[in-house]
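In: this is the structure alone, sequence omitted:
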């Protein structure tokens, strides 16, 4: 299927994020969510779906608000692939269900993938595909060392992309501090799974809603929340491929308002998921076992949410 390449200039959205360079956007049914999900289950199935069917489904689904659309696609896509993995007896499909659902949900927010975005928020759909690629490599490799190397490469690729995708030595040097901070945050997220990761996504969504930054950040956060909840229902939230994808996207979405607007409320909102992941297990260890895994991350992130509400 051919790609339509749109180089038309779109007006900047105020207070989304800083501009980088002229936008070049891939559009069309080549990035149809239906084809993406079917191709993840079986490559031959995607080609059997008429392009007109995917086009018509998207045109109707586009009327749904982005905050609902992304979460619904992520949750439904994850659950469909979990069911397909069990029916087809393909553990790799089940392990990748959360990562594919996350990518599909993020693509559903805007429906396009930027090749050279003008704004930081426009980098998130491609970041979701980068995270999915890293998850796929981690899923197919054998051995902890090989998986760790693949996960690290995925984290570095995501940090490079979100820091502006610099290609020349001078721009790489200027972007190095941001890239290093993003890589540390993404790597820390990729090491965590289970209830702490689910709570971190919920805290990110709550923080972004309180900070009220202009842009699609909340829709992306809700898409991630839908994917992690779907993976948790299938007991796959702790799988290594899912952790890589969720960790990369969690840090990327949280960083966009910080790098763009940079208001104190944005910093506090970004701190909420970090506290849930890093301090949550410590707090959980001091609570009863029945409620600790979930209540610990919530209590750890609560001060950051309170600060976000006060600083907005």
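Out: It's in. Everything quoted here is computed from the prediction, not taken from an experiment.
In: name the element the nearest residue to residue 270 once chain neighbours are set aside belongs to?
Out: Nearest residue to residue 270, sequence neighbours excluded (C-beta to C-beta, 6 or more residues apart in numbering): residue 254, at 4.2 Å. Placement of C-beta: from N, CA and C, glycine included. Assigned by DSSP states H and E, residue 254 belongs to helix 240-260.
In: show me where the stretch 101-250 of the chain has strands.
Out: Taking DSSP state E, counting those that start in this stretch to define them, one finds strands in the stretch 101-250 of the chain at 113-114.
In: show me the contacts for the residue nearest to residue 270.
Out: 185, 204, 269, 270, 273, 274 (C-beta atoms under 8 Å, 6 or more residues apart in numbering).
In: let me see the contact set for the last one.
Out: Okay, so that is residue 274. Contacts of residue 274 by C-beta under 8 Å, 6+ apart are 185, 188, 200, 254, 304.
In: try it again with 10 Å
Out: For residue 274, the contact set (C-beta atoms under 10 Å, 6 or more residues apart in numbering) comprises 185, 188-189, 200, 203-204, 250-251, 254, 280, 300-301, 304.
In: now for these: which two are most distant?
Out: 251 and 300 (17.1 Å; C-beta to C-beta).
In: so which of those two has more stuff around it?
Out: residue 251 (29 against 25; other C-beta atoms under 10 Å).
In: which two among the contacts of residue 254 are spaced furthest apart?
Out: 185 and 269 (13.7 Å).
In: between those two, which is the more surrounded one?
Out: residue 269 (33 against 23).
In: is it true that the more buried one lies in a helix?
Out: Yes. Residue 269: assigned to a helix according to DSSP: H, G, I helix; E, B strand; the rest coil.
In: report pLDDT for it.
Out: You'll see residue 269 listed with a pLDDT of 94.
In: can you tell me the closest non-neighbouring residue to it?
Out: Per C-beta to C-beta, 6+ apart, closest to residue 269 is residue 207, 3.1 Å.
In: pLDDT value on that neighbour, please?
Out: For residue 207, the pLDDT comes out at 94.
In: does residue 270 touch residue 207 like I think?
Out: Yes. At 7.2 Å, residue 270 counts as touching residue 207 under the criterion of C-beta atoms under 10 Å.
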